[in-house]
Each structure stands twice: as structure tokens, then as C-alpha cells.
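Undergrad: For reference, the sequence and a predicted model appear below.
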Amino acid sequence: MVRFQGVAMRYANGPEVLKDVTFHLEAGSYHFLTGPSGAGKSSLLRLMYLAHRASRGTVKVFGHDIAATPRRLLPGLRRRVGVVFQDFRLLDHLSARDNVALTLRIAGVREDTIRAHVAELLSWVGLGDRLDATPATLSDGEKQRVAIARAVIGRPSLLLADEPTGSIDELQGMRILRLFEELNRIGTTVVVATHDQRLIARFNHRVLRLADGQFSVERPTNLSGI
Amino acid sequence: MARRQFDLPFANDGSGRFLPWMIALMVYLASLATVAALTTREVVESWNAGLEDTATVEIAPGPDDAATDGLVARAMAVLRNTPGVAAADPVPIDEIGRLLEPWLGPDAARENLPIPRLIDVRFDPGAVIDVAALSRALLAAVPSARFDSHGLWLDRLTALGDSVQLAALVIVVLIALAAGATVVFATRAGLAVHAKLIELMHLIGSRDSYIARQFQFHAMSLALRGGVVGVLIGALTLGALTVMWRPIQEAVLPDLTIGATALVALALLPLLAAAIATLTARITVMRALKQMT
């Protein structure tokens, strides 16, 4: 599904924020990505959702070596990746409904299908009564749920979430992570970036740990006692 | 769910705020240039058609009306005996007075002014006339006669018409280029303003063409609005000019009414502006997006 081999990344001519990262995410796996602030979690996710190219090493997503993939094929790959951004990145002038629908519109889905699916999913995340609300009128927790709905509406093969529970209460956070688990059970590969160790301890998933640009993979059994 | 026209918030940015007004101004100028070119062509064609196979003989007035009438009669005799002349008709003195009325006043023909006499000559269609020989024969009969076959005048008029049309065409092309450049700048400004949203749309799987469609429909909508305003103001200006022109036109110029071709061209101008804007916006966006990840 996702394979990194000796990957490094830098922004422009700055220092490397990731160094020699090597790992393999199998299809259908569920990982937490953790590490202190500034460790490079978001940068690693940026490489995975094809927002950035590695400065060296090989990044393969869905079997495609991204460095060698023609630009015209990237939209198709990106549609198979759902992303929940840390800062939500909602379009302020669009309603919650249209924000979520955007993913499907871009993919060319028919409007009647979009209408039904968007309303159903927003109801599921508890926003059935806020369909026409714009982000400016939503709380951070509600924005987070819209962002999550937008990420999962296209039934992505790979779901990447950057601090998805950072702006919502614990109950909602657990609910969202259960949704991710349900998606994982039907085959979606999930990576959740979080620095919340208590949250990680509640679930029995592998952990990708970043510290100072270096990378390690921990199995669930390593986490006892956290 | 009502489908939003644009996913990008064009209504909230200033990148295209002035575009409709710029397009309106350009379409206004283009409408004047287009109508000038087409009307000039129609006028020249009308003059050509009216004066083809015709000539005018002008006879300077004699010492009195009787003498002048005698000169006219001698010239008429020469003309009637010339092969290829279908008809030769002296222009009535009242008609000559009416033609001179704008310069000499309404009573010119009745105030014993020494007004030259005119003879309208029509040739058989296709007849080959030896203009020099006819002119010599007329001068021999009436030394004060002047034969005008209109050829030189028509040639100059046609050349003038062609020049006006060429100038108008150049103006319209320059306006189209300026409109294209305006759209390029507005589109680039829009790309800069919406860079973060465009990146987001790319990240959720948007193709360049989807994003380009947003910009091209936005540009088309603005250009169409501006084009309609420009052509309406152009039509008002042309209407006002026609009204102001009418007194002069009645006296000395052929009918300058805007013809059907010019009206169709006017109606097409906003569509042309919209097409230029659409195409330019698309090319600009597609080129710019290729530079992005």
C-alpha cells in the first residue's frame, strides 16, 4: 500500500525534516503516527498524500513510485487517499454539505448520488441539522467532523488523519476513531497522526514513532504500560 | 441541493472586479470600429453601384439662361450621337438648387446666380466608352464643358473605404489582444489569491481541467456581462451619432443607416469577448497549474 525506502524530505533549501525513513504499510493496516511536536509527523503525511516529493529515497503509494509517476496520474492516486487535515482546510464560502460534496464532484459523481451520500454521512457524524452551515458558523469540533466526512466520503483506500481528535471532546474523539476502525475493517488502510499517548494506548494498533527526523515502528505489544 | 456555480470563492476576491468594466470598454470601442468598417463598406458599395456606368457633364453658365440652355443643347446632341450612351438627362435647375442649398441657401436657383448646369449620363451596361474621345467631342462642341466619369473619384473613395476597413480591423484585433492580456492578468491574480484552495483541490484529487473550468466559466461570465454592457453603450452612441448625422447625410451623403450585417456583428461582439476570455483563462490556468506539484 505505502512503502518508504530511505526517504528524506526538506522544504525548499532548508534542513532535512525527515531522514532515512523506511517502512511499509500493508493494505488494510491501522497505524498511529506519533512523536513530539515538530518531529515531522505532518511532513511524513504530506509525502503520503502526495503533497510533496521526497528529496531522496523512494516513496511508493499503491505500487507507484511517486518520483517516476507522471503528473497526469496523480489525481487518480490522490482520490484513493482521504486526508483529514490538522487545520481542517474547509472552504469557508461553502456549506458543510458542499465541502463534503466537493470530493465527489471532483471525482465526477452524479449529483443525485452526491446528495444522498453527503446527507447520510453528515447525519452520521452528528451534523444532520447543520448541512447548510458555513464553516464560520461551526465550532472547531463541528469543522473537524466536516473535514472527516470529506475525507471518508469517497471511500478511500488509504485514510490519513492529522490530529483528528485535537479539536473535539473525548467522546466525539472515540466515536471518530471507531469510525476509522470500521473503515479499516472494510479494507481501508488508516494512519492517524497524534501526540495523544493515552489515545494510542486505548487501541491495539501499531505505532510509527518519529523523533528528531528519525523513525521507528513499534508493535502493539510494545505499548503496554503507556 | 442547489449546485453552486463555482467551488472557488470568486465572488469574494478582487481579482476579477474590474474585468467586466475593462471588457465593457473594449467591446464598446470594438463596436464602434466594427460598425465604422461595415458601414464604410456598405457606403462605398452603394456609391459604386449608384455611379457605375454613369457620368456627369458639367457646363459652366453662359452670359444668360438662354445662352446656357444653348450650351446644354449642344452637349446633349454630342451625347445622343455617341454609341453606348443609353440616356442623357439635364438635371433640372431646381434639383441643382436643392443640391447647392446647404451652401447657397434655399433660393439659390431663383436668384439668377451663375449656377453651372449638369447632365446625367447613363451608359449601356458593359459598353466600352472611349472617355477621352467623348471628352474631346464635348469640348469641341462646348468649350466650357467638363466631363466627369467618376472613375478617379470612385477609385479614391474605394481606397479610402479600404483604408478605413483595414484600420478598423487592426483596431479590433488590438482590442482583442488587450482583452486577452486583461484576462491573463485577472486570471493570474485569481490563481495567486486562491493558491491554497487550488492546492487543496489538487490534494483531494482534482484534475487541472476541473480547476481550469472554474476559472474559465468565471471569466466567461464576467466577459459576457461586460460585453453586453459595452455593446449596449456602443449601440446608444451609434444611435446618437446617426441622429446627429442625419441633417448632413440628407444633403450630401448616401444613407448611413447601420445595416443588418453591422447589427449581427454587434450582437456577436459580447459572445466573441466571452469566447476570448474563456479560452485565455483556460490556457493561463492550465499553464500555471503545470508548474505546481
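TA: Nice, I can see it. Numbers count the residues shown, from 1 in each chain, chains lettered A, B, ... in the order given.

Undergrad: which residues touch A:Met141?
TA: Just so we're on the same page, residue A:141 is Gly rather than Met. Taking Cβ atoms under 8 Å, 6 or more residues apart in numbering or on different chains as the definition of contact, the neighbours of A:Gly141 are A:167-169, A:172. Bear in mind the C-beta positions are built from the backbone N, C-alpha and C, glycine included.

Undergrad: element containing it?
TA: Assignment of secondary structure by DSSP states H and E places A:Gly141 within helix A:140-152.

Undergrad: Show me how far that helix is from its chain's centre.
TA: Between the mean C-alpha location of helix A:140-152 and the chain-wide mean there is a distance of 11 Å, by Cα atoms, centre = their mean, to the nearest Å.

Undergrad: in it, what's buried?
TA: Buried residues in helix A:140-152, counting neighbours by 16 or more other Cβ atoms under 10 Å in any protein chain shown, are found at A:141-152.

Undergrad: what's the closest of these to chain B?
TA: Lowest distance from chain B to the buried residues of helix A:140-152 (Cβ to the nearest Cβ) belongs to A:Arg150, with 7.4 Å.

Undergrad: so the residue nearest to the closest one when sequence neighbours are not counted is in which element?
TA: Taking Cβ to Cβ, 6 or more residues apart in numbering or on different chains as the measure, A:Arg150 lies nearest to A:Val100, with 4.8 Å between them; neighbours along the chain are not counted. Assignment of secondary structure by DSSP H and E places A:Val100 within helix A:96-106.

Undergrad: which parts of the helix or strand following that helix are buried?
TA: Going down the chain from helix A:96-106, the next helix or strand is helix A:111-124, by DSSP H and E. By neighbour count, with 16+ other Cβ under 10 Å as the criterion, the buried positions of helix A:111-124 are A:114, A:117-119, A:121-122.

Undergrad: what's helix A:111-124 packed up against?
TA: Counting by 3 or more Cβ pairs under 8 Å, 6 or more residues apart in numbering or on different chains; DSSP states H and E, the packing neighbours recorded for helix A:111-124 are helix A:96-106, helix A:140-152.

Undergrad: so the shortest one versus helix A:140-152, what angle?
TA: Per axes from the mean of the first three to the mean of the last three Cα atoms, to 10 degrees, the angle that helix A:96-106 makes with helix A:140-152 is 20 degrees.

Undergrad: okay, now B:Pro61: neighbour count?
TA: Other residues near B:Pro61 number 15, with proximity taken as other Cβ atoms under 10 Å in any protein chain shown.

Undergrad: now the residue nearest to it when sequence neighbours are not counted, what's its secondary structure?
TA: Once its chain neighbours are removed from consideration, B:Pro61 has its nearest residue in B:Pro114; the separation is 4.1 Å (Cβ to Cβ, 6+ apart). Here B:Pro114 is coil, with the state taken from DSSP: H, G, I helix; E, B strand; the rest coil.

Undergrad: swap in A:Arg89?
TA: Applying three-state DSSP to A:Arg89 yields a three-state assignment of coil.

Undergrad: Touching, the residue nearest to B:Pro61 and B:Pro63? I think so.
TA: No: taking Cβ atoms under 8 Å as the definition, B:Pro114 is not a contact partner of B:Pro63, at 9.1 Å.

Undergrad: What strands line up against the helix or strand bottoming out on mean pLDDT in chain A, and which way round?
TA: Among the helical and strand segments of chain A, the one scoring lowest on mean pLDDT, DSSP states H and E is strand A:214-218, with a mean of 77. Each strand that pairs with strand A:214-218, with its direction, by DSSP bridges: strand A:206-211 (antiparallel).

Undergrad: The partner strand: which residues count as buried?
TA: Of the residues in strand A:206-211, those buried by neighbour count under the rule 16+ other Cβ under 10 Å are A:206-210.

Undergrad: And the residue of chain B found nearest chain A, what's its pLDDT?
TA: Chain A sits closest to B:Gly205 of chain B, with a gap of 3.4 Å, by Cβ to the nearest Cβ. Confidence per residue is given as pLDDT, and for B:Gly205 that number is 91.

Undergrad: where in the chain is pLDDT low?
TA: Let's take chain A. Within chain A, the set of residues satisfying pLDDT under 70 comprises A:213, A:220-226.

Undergrad: um, chain B though
TA: Residue ranges of chain B with pLDDT under 70: B:1-5, B:50-51, B:108-112, B:248-257, B:293.

Undergrad: Quick one: the strands in it, in order.
TA: Along chain B, the segments classed as strands by DSSP state E run B:54-59, B:85-90, B:117-123, B:145-148.

Undergrad: Return the list of strands paired to the second one, each annotated with direction.
TA: In this case it means strand B:85-90. strand B:117-123 (antiparallel).

Undergrad: can you list contacts of the partner strand?
TA: B:53-59, B:61, B:68, B:71-72, B:75-76, B:79, B:84-91, B:93, B:96, B:129.

Undergrad: hang on, the earlier thing: any chance of the strands of chain B in JSON lines, plus mean neighbour count?
TA: Output for these, formatted as JSON lines (neighbours: other Cβ atoms under 10 Å in any protein chain shown):
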{"stretch": "strand B:54-59", "mean neighbour count": "19"}
{"stretch": "strand B:85-90", "mean neighbour count": "15"}
{"stretch": "strand B:117-123", "mean neighbour count": "19"}
{"stretch": "strand B:145-148", "mean neighbour count": "18"}
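
Undergrad: Look up phi and psi at the residue nearest the centre of chain A.
TA: Centroid-nearest residue in chain A: A:Leu160, 1.7 Å away (criterion: Cα atoms, centre = their mean). Dihedral angles of A:Leu160 (phi, psi; degrees, to the nearest 10) stand at phi -120, psi 130.
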